[in-house]
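Visitor: Next come a sequence and a model predicted from it.
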Amino acid sequence: MGIGTCIYLTASVSATLPPIKGYKYEGSVNQFIKGLQTYVAKHPNTSLVDGDIVGDKKTGLAYDITINIGLSTRVLTYDLRYEPANETGDKAITNIKLIGAHDLTNNTGGYGIKADGMKGLLTDLNLYIFIPLESDQNIRITAL
């Protein structure tokens with residue numbers, strides 16, 4: 001399988017399967033991504049990789065991003081899709097969907113809630129990303 005086929009399959013999987021878990025942030029897409037970028041800049045073991053922009057102006061745009069976390073004993077990746085749920089008025093809301101989670105060291109995780117190791121990967125997402133985002137950047141992510 002070539003690299004182009006692999007990228008196509010990953011994009012196809014994330015577009016057709018239901019998300020592993022949904023979250024919301026009470027703030028704009030720009031506030032969310034800026035807080036995430038600031039957090040990553042302060043934590044050299046963490047990186048962001050921009051992905052696709054999906055949808056269109058008529059139906060709405062969503063943005064894919066991958067968060068990579070290098071721990072002393074494991075490497076974790078999380079594929080997120082975020083989109084504005086409400087950008088008008090005083091209450092901007094951003095919907096965040098976890099569409100993939102992987103422990104690359106132990107070869108666990110995947111694109112579904114029942115994947116091997118997913119429970120631990122969800123715990124690690126909260127522990128290494130969502131909780132520090134709240135304490136460091138005042139970005140509070142709430143599970144739906």
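Guide: Here it is on my side, so go on.

Visitor: Would you mind measuring from G27 to Q137?
Guide: In this view, G27 and Q137 are 10 Å apart by CB to CB, to the nearest Å. C-beta here means a position set from N, CA and C on the backbone, and glycine is covered the same way.

Visitor: ditto for I131
Guide: For I131 relative to Q137 (CB to CB), the value is 11 Å.

Visitor: Which one of the two is surrounded by more residues?
Guide: Neighbour count, other CB atoms under 10 Å: between I131 and Q137, Q137 has more, with 17 against 13.

Visitor: Please name the nearest non-neighbouring residue to the more buried one.
Guide: In this structure, Q137 finds its nearest non-sequential neighbour in G35, 3.9 Å apart by CB to CB, 6 or more residues apart in numbering.

Visitor: what about the one helix or strand that neighbour maps to, distance to the chain center?
Guide: Assessed by DSSP states H and E, G35 sits inside helix 29-42. A distance of 12 Å separates the centroid of the chain from that of helix 29-42, by CA atoms, centre = their mean, to the nearest Å.

Visitor: what does stretch 66-78 give?
Guide: With CA atoms, centre = their mean, you get 12 Å for stretch 66-78.

Visitor: In PDB, list the C-alpha atoms belonging to the helix or strand where N95 lies.
Guide: Using DSSP H and E, N95 sits in strand 93-103. Extracted in PDB, the C-alpha atoms of strand 93-103 (Å, rounded to 0.1, in the frame of the first residue of the first chain):
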ATOM      1  CA  ILE A  93     -19.000  27.400  21.200                       C
ATOM      2  CA  THR A  94     -16.600  25.000  19.500                       C
ATOM      3  CA  ASN A  95     -17.400  21.300  19.000                       C
ATOM      4  CA  ILE A  96     -14.500  19.000  19.200                       C
ATOM      5  CA  LYS A  97     -14.600  15.300  18.000                       C
ATOM      6  CA  LEU A  98     -12.000  12.700  18.800                       C
ATOM      7  CA  ILE A  99     -11.800  10.700  15.600                       C
ATOM      8  CA  GLY A 100      -8.600   8.700  16.300                       C
ATOM      9  CA  ALA A 101      -6.300   7.800  19.200                       C
ATOM     10  CA  HIS A 102      -3.200   5.700  19.100                       C
ATOM     11  CA  ASP A 103      -0.400   4.500  21.400                       C
END
